[in-house]
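> Sequence first, predicted model second:
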Amino acid sequence: MLKKLRNRLLLFNMIALATVVVGSFSVIFVILYYDMRNSDEDRLSAIPTNVITNMLSEQSEPATEGETASGDDAESAETPYINRAGPDLPIDYSNFFVVNLNNNGMLSVFSRMDLDEEDYLNAAEVVAKRGGPGTGELKIAGSHWLYSYSAKPTVIGRLAGTPPFDGAMYGGESMVFLNIDGTDMAMKRLLISLIIIGGCVLAGIFLISLAFSNRALRPTEEGLIRQRQFVADASHELKTPLAIIDANAEAAMNERIAPGARTWIERIENESGRMRGLIDNLLFLARSEDAADIAEERLPVDLAETTEREIDRVEAVLFERGIGVEYKSPADGEIVVNADLGRIRQILLILLDNAMKYTEDGGRITMEVGKNRKYGYVKISNTGEGISADDLPHIFDRFYRADKARSSSGYGLGLSIARAIAERSGGNVAAESTDGLTTFTVELPLG
């Protein structure tokens, strides 16, 4: 029980911590991502005005009125002119290129990057197809790029001595492409670092939580062990005087005694028997959490056949009280579970006894045997007052007896024993009560 409690607390603790760590790291990643992206966009927007404009202004002269491009120059306009040299640019501006289309339809490229001519043309074609001025992203030559597409003239002038632009007006459309592979790589490294750091943090917190939880629960575990040991020792010690009482009562019954005394001796024997049953139940519950203390022989057992036999055992009592019994057999004919036959009979007898105890005279008990994907089950339903919503969560607690749903007989241990047996067998016992109908369902693993 304590191990389940510890594991549940650890699970909830780790889920909460993992949520906080993942949320915090996600916020950090998103903030840094947008910060770096804004920085890239700022660099992209600064390129045409701070670099290209200045570069072209320094190399151009005012256009002479009436000058036009020669025929040879017009023919060569179909091939882009790539200027890879240009002026000395800052290192921050070495990972970009600019594609310009002047008013005469001439395409020019200014680049310090080692790309093929086809890559420049593909980049310009992709951006042109997207249409309209603006910014965006694209993949070219296996790299990631930010681009800015502008329809404003960048420079109006003449590039003297640089064919095919002699006499050409430089303006029209401009496309600036900035390589952001470095940003992507940095974000990937950041993501991997956050995952590794987060995993290490969660692993460390788990180990620390596990150590502290074990230490915190150790006194409670030791107390429960001492409590179970006390109950077991007390049960053993009480058996000896009860055996003596039974022996003396039996001997007194064999003597010549007054008729009135015989009644008192019979009551002594009855109460002694009840006390012996209570001691056996306490001993079972004290040992139920230690699998080594209770011997079990798990074999294939036909749950349907066993249920029918238990109904036959109490048939006379049911008939005497006028309680009807309806048995719903499984469609498959038999339900084989892997459990101890004696323990299954004990569970069924406890649940049947509980149903008979709280069914009014002339009421009805229904028993259904079936199976789902992993378990065979028996449902035992009875009419009566039912169990209140306040009492229902506690009916499997030891010594718990609800005022309305339970009579004065018994010690409140039967349902606790039934659940303990089912859980030791890998199953469970559950209860529900609605509209005066109470149903107990016991599930056992299929064989």
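That came in fine, so what should we check first?

> Spell out the residue ranges of the helices in the stretch 1-150 of the chain.
Ranges of helices in the stretch 1-150 of the chain, per DSSP state H, counting those that start in this stretch, are 2-47, 53-59, 71-75, 117-130.

> Out of the ones you listed, flag the one nearest Arg309.
Nearest to Arg309, of all those, is helix 2-47, at 33.8 Å by Cβ to Cβ. Just so you know, the C-beta spots here come from the backbone N, C-alpha and C atoms, and that holds for glycine as well.

> quick one: the closest one to chain centroid distance?
In terms of Cα atoms, centre = their mean, to the nearest Å, the centre of helix 2-47 is set 18 Å apart from its chain centre.

> Which strands or helices does the longest helix along the chain pack on?
For the chain, the helix with the greatest residue count under DSSP state H is helix 181-254. With contacts taken as 3 or more Cβ pairs under 8 Å, 6 or more residues apart in numbering; DSSP states H and E, helix 181-254 sits against helix 2-47, strand 143-150, helix 259-287.

> which of these is buried the deepest?
Neighbour counts (mean count of other Cβ atoms under 10 Å) averaged over each of the helices and strands packed on helix 181-254 peak at strand 143-150, with a mean of 19.

> which helices and strands does it pack with?
Identification of packing neighbours for strand 143-150 by 3+ Cβ pairs under 8 Å, 6+ apart yields helix 2-47, helix 117-130, strand 134-140, strand 173-179, helix 181-254.

> mind redoing it with 6 Å?
helix 2-47, strand 134-140, strand 173-179, helix 181-254 (3 or more Cβ pairs under 6 Å, 6 or more residues apart in numbering; DSSP states H and E).

> Spatially nearest residue to Glu173, not counting backbone neighbours?
Leu101 (4.4 Å; Cβ to Cβ, 6 or more residues apart in numbering).

> Show me what the one you found bridges to in the sheet.
For Leu101, the beta-bridge partners are Leu107, Glu173 (DSSP bridges).

> re the thing from before, just so I know, which of the helices of the stretch 1-150 of the chain lies nearest Ile279?
For those, proximity to Ile279 was assessed by Cβ to Cβ; helix 2-47 is nearest, at 25.4 Å.

> circling back: can I get the helices and strands packed on strand 143-150 in a markdown table including distance to Lys328 and mean pLDDT?
Putting the helices and strands packed on strand 143-150 into a markdown table (distance: least, Cβ to Cβ, whole Å; pLDDT from 0 to 100) gives the following:
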| stretch | distance to Lys328 | mean pLDDT |
| --- | --- | --- |
| helix 2-47 | 34 | 87 |
| strand 134-140 | 66 | 88 |
| strand 173-179 | 74 | 85 |
| helix 181-254 | 39 | 82 |
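
> In a markdown table, list the ones you listed along with distance to Ala422.
Compiled in a markdown table, these are given as follows (distance: least, Cβ to Cβ, whole Å):
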| stretch | distance to Ala422 |
| --- | --- |
| helix 2-47 | 15 |
| strand 134-140 | 61 |
| strand 173-179 | 67 |
| helix 181-254 | 20 |
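
> Which among those is found nearest to Ile265?
Closest to Ile265 of these is helix 181-254 (Cβ to Cβ; 5.2 Å).

> With distance to Glu266 as added columns, please give the helices of the stretch 1-150 of the chain in JSON lines.
Shown next, in JSON lines, are those (distance: least, Cβ to Cβ, whole Å):
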{"stretch": "helix 2-47", "distance to Glu266": "45"}
{"stretch": "helix 53-59", "distance to Glu266": "117"}
{"stretch": "helix 71-75", "distance to Glu266": "129"}
{"stretch": "helix 117-130", "distance to Glu266": "101"}
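
> for these, which one sits closest to Leu413?
Using Cβ to Cβ, these put helix 2-47 closest to Leu413, at 21.1 Å.

> any idea of the angle the closest one forms with strand 134-140?
For helix 2-47 against strand 134-140, the angle by axes from the mean of the first three to the mean of the last three Cα atoms, to 10 degrees is 110 degrees.

> Can you give me the distance of the spatially closest residue to Tyr33 that is not a sequence neighbour to Lys379?
Leaving aside its chain neighbours, Tyr33 sits nearest to Met187 (5.8 Å; criterion: Cβ to Cβ, 6+ apart). From Met187 across to Lys379, the span is 58 Å (Cβ to Cβ, to the nearest Å).

> ok, back up a step: check the residue nearest to Glu173 and give its pLDDT.
pLDDT recorded at Leu101 is 74.

> can you check Met367 too?
At Met367, the model reports a pLDDT of 89.

> What residues does it make contact with?
Contact partners of Met367, counting by Cβ atoms under 6 Å, 6 or more residues apart in numbering, are Tyr327, Ile380.

> looking at this, it is in a strand?
Yes. Secondary structure of Met367, determined by DSSP: H, G, I helix; E, B strand; the rest coil: located in a strand.

> Glu315: what's it in contact with?
Glu315 is in contact with no residue at all, counting by Cβ under 6 Å, 6+ apart.

> Where do the helices of the stretch 251-400 of the chain begin and end?
Ranges of helices within the stretch 251-400 of the chain are 259-287, 303-313, 315-321, 341-357, based on DSSP H, counting those that start in this stretch.

> Specify the angle between the longest one and helix 181-254 in degrees.
What that stands for is helix 259-287. Using the same axes, to 10 degrees: helix 259-287 against helix 181-254 is 160 degrees.

> Remind me what helix 259-287 packs against, helices and strands.
helix 181-254.

> if we go to 7 Å?
In this structure, helix 259-287 makes packing contacts with helix 181-254, helix 414-424, judged by 3 or more Cβ pairs under 7 Å, 6 or more residues apart in numbering; DSSP states H and E.

> How far away from the center of its chain is that helix?
With Cα atoms, centre = their mean as the basis, helix 259-287 stands 50 Å off its chain's centre.

> Save the helices of the stretch 251-400 of the chain as TSV, and put in distance to Gly363 and mean pLDDT too.
Output for those, formatted as TSV (distance: least, Cβ to Cβ, whole Å; pLDDT from 0 to 100):
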stretch	distance to Gly363	mean pLDDT
helix 259-287	26	74
helix 303-313	15	87
helix 315-321	8	83
helix 341-357	9	86
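
> Can I get the ones you listed in JSON lines including distance to Ile197?
As requested, those are exported to JSON lines (distance: least, Cβ to Cβ, whole Å):
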{"stretch": "helix 259-287", "distance to Ile197": "48"}
{"stretch": "helix 303-313", "distance to Ile197": "53"}
{"stretch": "helix 315-321", "distance to Ile197": "68"}
{"stretch": "helix 341-357", "distance to Ile197": "51"}
